[in-house]
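Participant: sequence and predicted structure below; questions after.
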Amino acid sequence: MMMFPMMHHQGMGPPKPQANHQECLLVGTVNIEQSRQLHARLEGLSDRPPEHDECFKTFYTMKSPNNTVKLALVRKERPTDHRVEQSMLLEYLGTIDTQVHEKLAVRTVVRSYVNANTNPQKFLTDLGFKHDYEAVLRGKRYRYKKIEIAIRKVLKVTKPGDMKSTVDIQSSQSLVEMTMPATLVAGNDPNIAEMLTLAESLRSIVRLEKYDPTRMKEK
């Protein structure tokens, strides 16, 4: 797995870096009407008010004969004026493993804070990463116990660095991701049953399924 140094965000004191971890993943999509229903259902289920989830992501990839490593520079967006904060996260989402559990995909997640005075773009290109594309993600994030559900529109940026030059690549649909930290032992986790039960309870609104990159490529 590609590793990178931990870098801290200036201005608010060094926050605690998020530990490397694995997470379980289910994905689905909803149209406008289903999205309204899903928001209403999750507002009743959640342990706390939803978080506005708005960010600007720049994706970088590094290809090798056996693997493709993808990283993203994540900058949080201000909901009020849609300006991007200077603080960033360097995010690595590992290759999705569909073999660990029959009903869930599992991936490795690594996030590091990036110092606003550094040049992370140069750092990544010096390592051999190439700029891939940019996207704006807007939506809400709900929490239920250890489970997190994000409902977001994915807007692809057509002019690098210009957040207003976006194309809605999912038309009237929004992406839904249900995730939970995985403490898998031989493919078993006592919390998985609760995640699958929650997904099943939402089935009348959204079909959350195990994400299989191979099957998606075939489509």
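Facilitator: Perfect, I can see it now.

Participant: and the strands in this structure, which stretches?
Facilitator: Remark: strands assigned in the chain by DSSP state E are 21-30, 51-63, 68-77, 84-93, 105-114, 130-144, 147-157, 166-168, 174-181, 209-210.

Participant: point me to the residue sitting farthest from the middle of the protein.
Facilitator: residue 65 (25.7 Å; C-alpha atoms, centre = their mean).

Participant: could you pull up phi and psi at it?
Facilitator: The phi and psi values for residue 65, taken as degrees, to the nearest 10, are phi -60, psi -30.

Participant: mind giving me the packing neighbours of the lengthiest helix in the chain?
Facilitator: Longest helix in the chain by number of residues, with DSSP state H as the criterion: helix 32-45. Contact here means 3 or more C-beta pairs under 8 Å, 6 or more residues apart in numbering; DSSP states H and E; on that basis helix 32-45 packs against strand 130-144, strand 147-157. The C-beta positions use only the backbone N, C-alpha and C, and glycine is treated the same way.

Participant: ok now that helix, how far from the chain's centre?
Facilitator: On the basis of C-alpha atoms, centre = their mean, to the nearest Å, helix 32-45 sits 20 Å off its chain's mean C-alpha point.

Participant: same question, stretch 149-166
Facilitator: That offset, for stretch 149-166, works out to 14 Å (C-alpha atoms, centre = their mean).

Participant: also stretch 128-137?
Facilitator: 14 Å.

Participant: what number of residues lie near the spatially closest residue to residue 25 that is not a sequence neighbour?
Facilitator: Using C-beta to C-beta, 6 or more residues apart in numbering and skipping the chain neighbours, the partner closest in space to residue 25 is residue 105 (4.6 Å). Neighbours of residue 105 under the rule other C-beta atoms under 10 Å: 21.

Participant: neighbours around residue 160, how many?
Facilitator: 10.

Participant: residue contacts, it?
Facilitator: Going by C-beta atoms under 8 Å, 6 or more residues apart in numbering, residue 160 touches 131, 134.

Participant: quick one, phi psi at it?
Facilitator: Dihedral angles (degrees, to the nearest 10) for residue 160: phi -50, psi 130.
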